[in-house]
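K.L.:
sequence and computational prediction follow.
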Amino acid sequence: MIRPARPGEAPAIDAFLARHAESSMFLRSNLAAHGLSGSEHRNATRFWVAPAEGEIRAVFGRTSAGFLVLQAPDAPDAWHRAFVAALGDNTIAALTGEARQTEATLAALGLPDTAWRLNHSEPLYRLALDTLPASSASIRPPVEADIPLLAHWFLDYTASTGISSRDEAAQVTALKRAVESVPLGHVRLLIEDGAPVAMSAVNARLPAMVQIGGVYVPPELRSRGRGGAVVAAQLLEERARGVRDAVLFANNDAAARAYERIGFARVGSYRVAVLERQVTPGVAA
């Protein structure tokens, strides 16, 4: 059965997750950045583990923002039910993880289909960065003058992918993300004729691997290769820093084709499930 992770177990947890690297980036990045003790940061994660015969066999987590994340290959349904029970009165906002594994967690949550704003599996891709050719694309980090544009882009991205609505709360969140993107340095803008025309971001980071997310091209500028161009250019920057591999998951067929054109190969499926509103497990949505 599962239990809370104990002090000193971080290396063993990461070693287990590293064996399933493509679908463990959120868990590993959060662990590296925030450890096991947790904090108020939205990505700080509380961990539960399933040890068996002296080894960790599964890892479950809940971030401070209410995102459930797991790596539990071949875990019995009882472990997923135990994870949901361990959440107690903590609310949840979303669930992500390898597509097949998350089916058992969804069943344990017992929420109706109508509770979910978004609940689907996306193709998961990996790329060895030493295969990327040189690029002439011009990219840069955002600056304060970009914040209004980025707020609009973040809102349209989350709404068009089904992650959020366009209500006032979503607008506030988009503006906050835009403001934070300047000092964090994880976003890159593709520049043409002096103006931003696309963006991408690193949403999980380890020394040798990054995960790309938030790839956005305004509707009127799509179908001209800009999404792939900004991702490739950002990954060339990461390669120069010593990063060896990248992963991402594609929200739609057009995005998948763009990633495949720059060399990404599919390695699995990844579920993204977002609730209409935060709920407490065991309480009707």
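P.N.:
Now that the structure is in, tell me what you want to look at.
K.L.:
rest of the way, CA atoms for contacts and neighbours
P.N.:
Will do.
K.L.:
please enumerate the strands of the stretch 101-250 of the chain.
P.N.:
116-128, 139-140, 187-192, 195-205, 209-216, 245-249 (DSSP state E, counting those that start in this stretch).
K.L.:
could you list the low-confidence segments of the stretch 1-150 of the chain?
P.N.:
Residue ranges of the stretch 1-150 of the chain with pLDDT under 70: 37-38.
K.L.:
cutoff 80 now
P.N.:
Scanning the stretch 1-150 of the chain for pLDDT under 80 picks out 37-39, 52-54.
K.L.:
before we move on, the earlier item: between the strands of the stretch 101-250 of the chain, which gets nearest to H41?
P.N.:
Shortest separation from H41 across the strands of the stretch 101-250 of the chain is recorded for strand 195-205, at 14.4 Å, computed as Cα to Cα.
K.L.:
tell me what the closest one is packed against?
P.N.:
Under the contact definition 3 or more Cα pairs under 8 Å, 6 or more residues apart in numbering; DSSP states H and E, strand 195-205 sits against helix 25-34, strand 187-192, strand 209-216, helix 226-240.
K.L.:
now it: average pLDDT?
P.N.:
Strand 195-205 carries an average pLDDT of 97.
K.L.:
related to what we said a few turns ago, T161 is nearest to which of the helices and strands packed on strand 195-205?
P.N.:
Counting by Cα to Cα, T161 lies closest to strand 209-216 out of the helices and strands packed on strand 195-205; the figure is 10.0 Å.
K.L.:
show the average pLDDT along the closest one.
P.N.:
On average, strand 209-216 scores 97.
K.L.:
I'd like to know which elements that strand is packed against.
P.N.:
helix 147-160, strand 195-205, helix 226-240, strand 245-249.
K.L.:
partners of that strand in the sheet?
P.N.:
strand 195-205 (antiparallel), strand 245-249 (parallel) (DSSP bridges).
K.L.:
if I look at H120, how far off is F249?
P.N.:
12 Å (Cα to Cα, to the nearest Å).
K.L.:
the more surrounded of the two?
P.N.:
Neighbours were counted for H120 and for F249 using other Cα atoms under 10 Å; F249 has more, 26 against 14.
K.L.:
in JSON lines: the strands of the stretch 101-250 of the chain, plus distance to T102.
P.N.:
Below are the strands of the stretch 101-250 of the chain laid out as JSON lines (distance: least, Cα to Cα, whole Å):
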{"stretch": "strand 116-128", "distance to T102": "10"}
{"stretch": "strand 139-140", "distance to T102": "36"}
{"stretch": "strand 187-192", "distance to T102": "29"}
{"stretch": "strand 195-205", "distance to T102": "20"}
{"stretch": "strand 209-216", "distance to T102": "20"}
{"stretch": "strand 245-249", "distance to T102": "16"}
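K.L.:
good, we can wrap up now.
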